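1. sharing a sequence plus its predicted fold:
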Amino acid sequence: MGISTVDIETLMQNGCEWLRGTGPDAEIVVSSRIRLARNLAQFPFLSRADDSTKSDLEKLLHNKLLNLSAGPHLNYFDVRSLSNLDRQFLMERQLISKELVEADGARGVAVDSGQSVSVMVNEEDHLRMQVVRSGFSLDECWRDIDQLDDAIEEDVTYAFSEELGYLTACPTNVGTGIRVSVMLHLPALHMTKEIQKVLGALQKISLAVRGLYGEGSSASGQFFQISNQITLGQSEQQIIEKLQEVVPNIINYERRVREALLKDNRAKLHDQISRATGILQKAQTISSEETMDLLSSVRLGVSLGMIDDLDLLSVNELFIHTQPAHLQKIRGETLDSGERNAARAAYLRSRLAEA
Amino acid sequence: MKKCRRCSKPATLHITEIHDSTVQKIHLCEKCASEYLETPDPSIDDEMEALLEEAGLGEEQDELTCPNCGITYREFRKQGRLGCPHDYVVFRERLTPLLENIHESTHHAGKFPKRAPDASQKQYELIKMRNDLRIAVEKEDYEEAAKLRDHIRQLEEQQAT
């Protein structure tokens, strides 16, 4: 099993699904994502698994994932043997979680060539599988992950009870083990502070809001991930339908506020977007946070047609390529924080020179 | 949702009794509450019950241990993660109100795996043996550990076929 940095380099060179900037409502819905948590019946959960049990589990699942009878071909990465930089890279691509990076013992991730499917082994649960798609496409995510789940289940017995459904390490995931989420770019709602109303309303109907990188991350770049909290007592379909019902209202709200801004504050908005572009084109050193904020304005400019020589894919890529691990991969060297800020500015200058 | 202390229906009335300096919270359903309120003084039994609930019994329940993975309810409360699938059975009484709180439900309504889950009880044997193995290794009882390892392998092979 040729696990080497070549594979990571290939991932790096290939674009990833959720950045494509296509699919329904892609100017606002960056991506749709569904994950399932599953555990094998004959093993303890990971909090009670010692090193040798973790190794047994990892070997077994690693083997299954490379030999699935249906579904996409998966490449497996042994996360324990990866460098810190490669782990961070996978995390920036949202192929693995912070929890998997920080876990210890045998663990890994299987990823398809389009980087739409990823299956983490030995995270909080034995298996955490996810399917991501560009734009607002939850039905397609469910179709794919349901098939993947069936294919994995052909050879293993999941921990399941008729009463409580799929049994998970944390009772917050028990039942369906599903998390359905959409990542929204909401700069206009953020700018006008209307976002507070949206967040309040979502909380009342048991939907959670997180930042770009999930649990505990802040909503930088005006990206918001909205997902279900309830996993028990509702079917997967009902949980998906709830998001399909709620999210279009947020999309329309963002669109209405954008239109109002264009009508009443066009000059100011144009100024803000132009200034953001100007800084990104000229800066000599720039932090990750400032980059995210300014790119958010640029992305809004592209969506509104105020910037016409950039497309959504290019802007989405800039968000990810200016993250610390991606930047170091592009430069092919390890950089400290100060060096990264200079390298980030240089990269942005070169990519935005003609824009 | 809390359960009524006298029957087990959902409690809809929450009464706070103050005697001298002790405060006692009593959760009751509507029927039991009207009976309770008609009785001028709470019976000794009720007070005893409340005390047990808040101190003694609670402690005992915290030491409740899963025979398969060895985790106690206290440990679960501390780390927020269960130790094995069987914990949902062992800690059932304690987990039910928690699930009601989180999910507003205690019954699965989604997908079923194609594989029949009835073999699961047998699968839990393996969890117990792995836990025994871990303890044997900790105690440096290598003879016992070797036996358990062979036994685990045998069972795994049986289940794989």
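-> Right, received. Where do you want to start? Numbers count the residues shown, from 1 in each chain, chains lettered A, B, ... in the order given.

2. closest residue of the stretch 151-300 of chain A to chain B?
-> A:G233 (2.4 Å; C-beta to the nearest C-beta). For the C-beta atoms, the positions are set from N, CA and C on the backbone; glycine is no exception.

3. dump the residue contacts of A:S206.
-> A:228-230 (C-beta atoms under 8 Å, 6 or more residues apart in numbering or on different chains).

4. same thing but 10 Å
-> Taking C-beta atoms under 10 Å, 6 or more residues apart in numbering or on different chains as the contact definition, A:S206 lies against A:228-230, A:242, B:102-104.

5. separation between it and A:S181?
-> 14 Å (C-beta to C-beta, to the nearest Å).

6. likewise A:R340?
-> Relative to A:S181, and taking C-beta to C-beta, A:R340 is found at 29 Å.

7. assign the residue nearest the centre of chain A to helix, strand or coil.
-> Nearest to the mean C-alpha position of chain A, by C-alpha atoms, centre = their mean, lies A:Q94 at 4.2 Å. Following DSSP: H, G, I helix; E, B strand; the rest coil, we place A:Q94 in the coil state.

8. now do the same contact list for it.
-> Neighbours of A:Q94 in contact, by C-beta under 10 Å, 6+ apart: A:16-19, A:31, A:33, A:115, A:118, A:130, A:132, A:183, A:212-214, A:320.

9. so which of these are in helices?
-> A:I320 (DSSP state H).

10. of the contacts of A:Q94, which are in range of chain B?
-> Among these, proximity to chain B is found for none (C-beta under 10 Å from any C-beta of the partner chain).

11. which residues in the chain form strands?
-> Going with chain A. Listed in chain order, the strands found in chain A under DSSP state E are A:29-38, A:74-78, A:108-112, A:117-121, A:127-134, A:160-161, A:165-166, A:178-185, A:207-210, A:223-228.

12. hmm, no, I was thinking of chain B.
-> Using DSSP E, strands in chain B cover B:13-19, B:22-28.

13. report the closest residue of chain B relative to chain A.
-> Counting by C-beta to the nearest C-beta, chain B gets nearest chain A through B:S105, at 2.4 Å.

14. and the residue lying closest to that residue once chain neighbours are set aside, how far from A:E154?
-> With sequence-adjacent residues excluded and distances taken as C-beta to C-beta, 6 or more residues apart in numbering or on different chains, B:S105 is closest to A:G233, at 2.4 Å. The spacing between A:G233 and A:E154, counted by C-beta to C-beta, is 28 Å.

15. how many residues are close by the closest residue to A:I250 other than its chain neighbours?
-> Nearest in space to A:I250, with sequence neighbours left out and distances taken as C-beta to C-beta, 6+ apart, is A:V198 at 5.9 Å. By other C-beta atoms under 10 Å in any protein chain shown, 21 other residues sit near A:V198.

16. so who does A:V198 touch?
-> A:184, A:186, A:189-190, A:209, A:224, A:226, A:246, A:249-250, A:253-254.

17. over to B:C29: give its phi and psi.
-> phi -80, psi 170 (degrees, to the nearest 10).

18. the bottom helix or strand of chain B by mean pLDDT?
-> helix B:44-54 (a mean of 51; mean pLDDT, DSSP states H and E).

19. brain fart, chain A
-> Ranking chain A's helices and strands by mean pLDDT, DSSP H and E puts helix A:5-13 last, a mean of 76.

20. where does pLDDT dip in chain B?
-> Where chain B drops to pLDDT under 70, the residues are B:1-3, B:8, B:13-25, B:33-61, B:116-123, B:159-161.

21. so in chain A, which helix runs the longest?
-> Longest helix in chain A, counting by DSSP H: helix A:236-282.

22. report the angle between that helix and strand A:29-38.
-> 130 degrees (axes from the mean of the first three to the mean of the last three C-alpha atoms, to 10 degrees).

23. A:F223: what's it in contact with?
-> Contacts here follow C-beta under 10 Å, 6+ apart; on that basis A:F223 touches A:30-31, A:183-187, A:190, A:210-213, A:217, A:292, A:296, A:299, A:319.

24. what pairs with it across the strands?
-> Beta-bridge partners recorded for A:F223 (DSSP bridges): A:H185.

25. just the pLDDT at it, thanks.
-> Note on A:F223: pLDDT of 93.
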